[in-house]
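Asker: got a structure for you, letters missing:
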């Protein structure tokens, strides 16, 4: 099983696909660019969703649900947003099929069931939501509105990759409405922090918080904040975005409120989202040539226990010892499986759970019982140890926490070692070609230079980091003055 | 606020709409037939979803996610299923918009971006899922597959009603694959039981379990099992269905497995679902002319506490007593709100929470504090009592449970009083016209007679109940022999 994975050094991209498919996370589907999220992959998404949902609620947000379809006239109301998404919209034009008279047993679109107005399958929901908020907001008393939606969206991508870029994907999109610009900016930053906390503490993936340059900004936003992570091949991946939308959507949909001072004012907006793309990031950041490596706090299965026995008598002895351990671990909220399935041999199981990235594996035989020990293996470092069965529940609990911290530390060390300053064009190109990672360089602040750099190197400005020392300099390409370094990288 | 609701006797249908809109459950949207589920309505759906999801997992099911779109060629593969849903399909025909040269600022469907094959927005997912199962199933070892999906689906309805019948709705759809017919039938019945248990124990709504007649069967099913509930206007509502699909989809998608006996066999299937329609049932079954009445186990907010005071000093005294109670209730997992918002008067709050169906309301003033009591009101019966503050947490906990039981009992009494036998046509018509509810009558078993009865009375066969005494008789319309009574009703 494990031998069937392409190694990272051989073909990073194929290695990634192998992990997704053989790890049981997702499958290709019959629909171009759409994937099937398999139970193991969906369990991962459920864990991500449940933690984020709790964090959203703790910060005062409520969930709601808005229509899948956006009438074309609403879709085009906010011009920049429409322009940004028009090229990748799935469009519903008809509402009925009928028997195809030329092909018995076949159906055809019924030309008489053409919609008067086409419906866009939402690529994002600002338009339909702000058209609704118009009815919800009259006075300052109706503000803020702090709403989130868990939903599917569709963006017709020409080149797709499982989890990273699919035509349909699952995400959450927060859409908030505020009385003042300050409050909206504060919300934008707060949700960026929620994302950063989640990705670092649960996914064990360090991120850089920053703001996008104009050309990488969300269509319709005044400012796009983002968290950027680094993958093992030195490419960056945008893991989440939080947008300050100014009054753009309020103006497009005429959403005003009566202020305390009795004046009609346009409402201020934010939107923010993360998607199933996070699973792609998780896989690429931590996994190795033997399979997935999942951080304990988000792993669908945290511990697997494999009995090694020759007959029912031995099995009964092992059961007697293991079942209370399983029970105690479960009562601690630890997800554990005692895999005593007789159809598969222990070696097969070892490979299988290694492939699936289960953080801790125990193997126990009768000899171990006699010695009151168990073999404990951790997935991240592949270290094995023989540990006492006394207090094994505490040993496991502590190891899970240690793995979580250690995975984060390893990813952070790698990331930190891959943020490099470049002060001239040659160094910049050399770093991108031979080292990868983020290159911190001066840029003259124009979209033209940014585009030129992208054309020459495939690197884009990932973000202007929020936390960095102030420093002036000159643009690596044009030599024009720069007010601070920005982070360039090739990216997913 | 409450005075603005239309009464049931005046206009039942308008009463229902008033409750949904003024109770803050949902709103109409800009998309024909689609609704916006507002935060309070969505919280109700989250509660329903969370309980059901736990029940599905306890019965061995896992969640997964399949594409929103079904290519037309797959959609039409199972002929009866396709025929059943063809007339209500939203169809994606294009994947891009472009600027409309004739109207500046407007977009139009790009004729050059026409899909080679049209995509149906899933009205149900058997086709796309069984096309996937083909790749997942080789041998009996791969069976059973017990998968569920929480998703949105679209059925283009001409006459829509909030929650009860909308073009897009949220639901779950279980899709299982089995080696034998017996196992699949057992699964079908098991999930019907799960639904019945959920609706009765959590939604406080008694149901009748039964099987559908041929003409009411799910398109593509061998048998459709259902749970039927009764609304306050005497109309029935189908609250959930569980289908035994036989080998219909396995044959349409060529899904075979190698049996233990080394023979290739077609796989057996089930599917089962409940939707946001359940919220419509909940509203119509329990509410009254003053607003929603929600059963405690599913209510987003179970207890509200309203302080009554004239100044900050009084407020401080009330806070001191109430805050520990709130904390204790929360620690018991009870959802409680201490509404000390100064902007609204107590009377307004009383109406508001009555409208929203919050099961228990406490009101407390300084005089109550002196007497160590609080006024406790229950929403279902509107009874008020002055109760001691000593052990108030237990009093509340017990009352919530009492309300749950009492609501179920009331709904069951009503339902039981509205199952009436009719042994001739006149009695049958009279019951439907003047009493409503279920009419248990003999029927000759033919779709023709069923259609004729529907045409004459608008009543359909809701189900052939699973639990009923065996009794032969003659059809109320044709006088032909009947092997048992079936339940007729007018229905939503």
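Answerer: Cool, the structure landed. Quick caveat: nothing in here was measured; it's all calculated off a predicted structure.

Asker: secondary structure class for the residue of the stretch 101-250 of chain A found nearest chain B?
Answerer: Using C-beta to the nearest C-beta, residue A:156 is the residue of the stretch 101-250 of chain A that sits closest to chain B, at 4.2 Å. For the C-beta atoms, the positions are set from N, CA and C on the backbone; glycine is no exception. Assigned by DSSP: H, G, I helix; E, B strand; the rest coil, the conformation of residue A:156 is coil.

Asker: how near is it to residue A:165?
Answerer: Going from residue A:156 to residue A:165 by C-beta to C-beta, to the nearest Å gives 11 Å.

Asker: neighbour-wise, which of these two wins?
Answerer: Shown here are residue A:156 and residue A:165; by other C-beta atoms under 10 Å in any protein chain shown, residue A:156 has more neighbours (23 against 16).

Asker: contacts only, for the more buried one.
Answerer: For residue A:156, the contact set (C-beta atoms under 8 Å, 6 or more residues apart in numbering or on different chains) comprises A:33, A:87-90, A:167, B:95-96.

Asker: chain B contacts on the stretch 251-400 of chain A?
Answerer: Residues of the stretch 251-400 of chain A found near chain B (C-beta under 8 Å from any C-beta of the partner chain) are residue A:343.

Asker: can you give me the strands for the stretch 251-400 of chain A?
Answerer: A:256-258, A:264-266, A:268-275, A:303-308, A:336-338, A:360-365, A:373-378, A:384-388 (DSSP state E, counting those that start in this stretch).

Asker: among these, which is the most enclosed?
Answerer: Most buried of the strands of the stretch 251-400 of chain A by mean neighbour count (mean count of other C-beta atoms under 10 Å in any protein chain shown) is strand A:268-275; its value is a mean of 26.

Asker: can you show me the strands along the stretch 51-200 of chain A?
Answerer: Going by DSSP E, counting those that start in this stretch, the stretch 51-200 of chain A shows strands at A:62-63, A:69-71, A:91-94, A:97-99, A:107-109, A:114-121, A:145-154, A:168-178.

Asker: can you tell me which of these is packed in deepest?
Answerer: By mean count of other C-beta under 10 Å, the strands of the stretch 51-200 of chain A have strand A:69-71 as the most buried, with a mean of 27.

Asker: paired strands for that one, with orientation please.
Answerer: Under the criterion DSSP bridges, strand A:69-71 sits next to strand A:114-121 (antiparallel) in its sheet.

Asker: check the gap between the one residue in the stretch 301-450 of chain A that gets nearest to chain B and residue B:142 for me.
Answerer: Chain B sits closest to residue A:343 of the stretch 301-450 of chain A, with a gap of 7.0 Å, by C-beta to the nearest C-beta. For residue A:343, the distance to residue B:142 equals 12 Å [C-beta to C-beta].

Asker: and for residue A:403?
Answerer: Taking C-beta to C-beta, one finds residue A:403 at 32 Å from residue B:142.

Asker: comparing these two, which residue is more hemmed in?
Answerer: Legend: neighbour count by other C-beta under 10 Å for residue A:403 and residue B:142, higher for residue A:403 (24 against 15).

Asker: which residues does the more buried one contact?
Answerer: By C-beta under 8 Å, 6+ apart, the neighbours of residue A:403 are A:295-296, A:359-360, A:378-380.

Asker: picking that back up, quick check on the residue of the stretch 301-450 of chain A closest to chain B: phi, psi?
Answerer: phi -70, psi -20 (degrees, to the nearest 10).

Asker: any idea how far it lies from residue A:352?
Answerer: The value you get for residue A:343 to residue A:352, if C-beta to C-beta is used, is 12 Å.

Asker: with residue A:100 instead?
Answerer: Applying C-beta to C-beta to residue A:100 and residue A:352 gives a distance of 47 Å.

Asker: if you count what's nearby, which of those two comes out ahead?
Answerer: It is residue A:352, of residue A:100 and residue A:352, that has more neighbours when counted by other C-beta under 10 Å, with 20 against 14.

Asker: confidence score at that one?
Answerer: Listed pLDDT for residue A:352 reads 96.

Asker: swap in residue A:468?
Answerer: 84.

Asker: residues near it, how many?
Answerer: 14.

Asker: does it sit in a helix, a strand or a coil?
Answerer: Secondary structure, three-state DSSP: residue A:468 is coil.

Asker: mind listing the helices for the stretch 251-400 of chain A?
Answerer: A:277-286, A:312-331, A:346-355, A:366-371, A:392-416 (DSSP state H, counting those that start in this stretch).

Asker: out of those helices, which is the most enclosed?
Answerer: helix A:277-286 (a mean of 25).

Asker: rounded mean pLDDT for that one, please.
Answerer: pLDDT averaged over helix A:277-286 gives 98.

Asker: ok and that helix relative to helix A:392-416, angle-wise?
Answerer: Inter-element angle recorded for helix A:277-286 and helix A:392-416: 90 degrees (by axes from the mean of the first three to the mean of the last three C-alpha atoms, to 10 degrees).

Asker: other SSEs contacting helix A:277-286?
Answerer: Applying 3 or more C-beta pairs under 8 Å, 6 or more residues apart in numbering or on different chains; DSSP states H and E, we find helix A:277-286 packed against helix A:12-22, helix A:39-58, strand A:223-230, strand A:236-246, helix A:392-416.

Asker: any chance of these in a markdown table with mean pLDDT and distance to residue B:481 as columns?
Answerer: A markdown table is the format used below for the helices and strands packed on helix A:277-286 (pLDDT from 0 to 100; distance: least, C-beta to C-beta, whole Å):
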| stretch | mean pLDDT | distance to residue B:481 |
| --- | --- | --- |
| helix A:12-22 | 97 | 58 |
| helix A:39-58 | 98 | 49 |
| strand A:223-230 | 98 | 72 |
| strand A:236-246 | 98 | 68 |
| helix A:392-416 | 98 | 67 |
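
Asker: okay if I get those as a markdown table plus distance to residue A:204?
Answerer: Shown next, in a markdown table, are the helices and strands packed on helix A:277-286 (distance: least, C-beta to C-beta, whole Å):
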| stretch | distance to residue A:204 |
| --- | --- |
| helix A:12-22 | 17 |
| helix A:39-58 | 13 |
| strand A:223-230 | 11 |
| strand A:236-246 | 12 |
| helix A:392-416 | 4 |
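
Asker: and of these, who's closest to residue B:8?
Answerer: Nearest to residue B:8 among these is helix A:39-58 (35.0 Å), distances taken as C-beta to C-beta.

Asker: helices and strands around that closest one, which ones?
Answerer: If you count contacts as 3+ C-beta pairs under 8 Å, 6+ apart, helix A:39-58 packs onto strand A:145-154, strand A:168-178, helix A:181-201, helix A:277-286, strand B:62-63.

Asker: save those as CSV, and put in distance to residue B:392 too.
Answerer: Below are the helices and strands packed on helix A:39-58 laid out as CSV (distance: least, C-beta to C-beta, whole Å):
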stretch, distance to residue B:392
strand A:145-154, 32
strand A:168-178, 37
helix A:181-201, 36
helix A:277-286, 44
strand B:62-63, 40
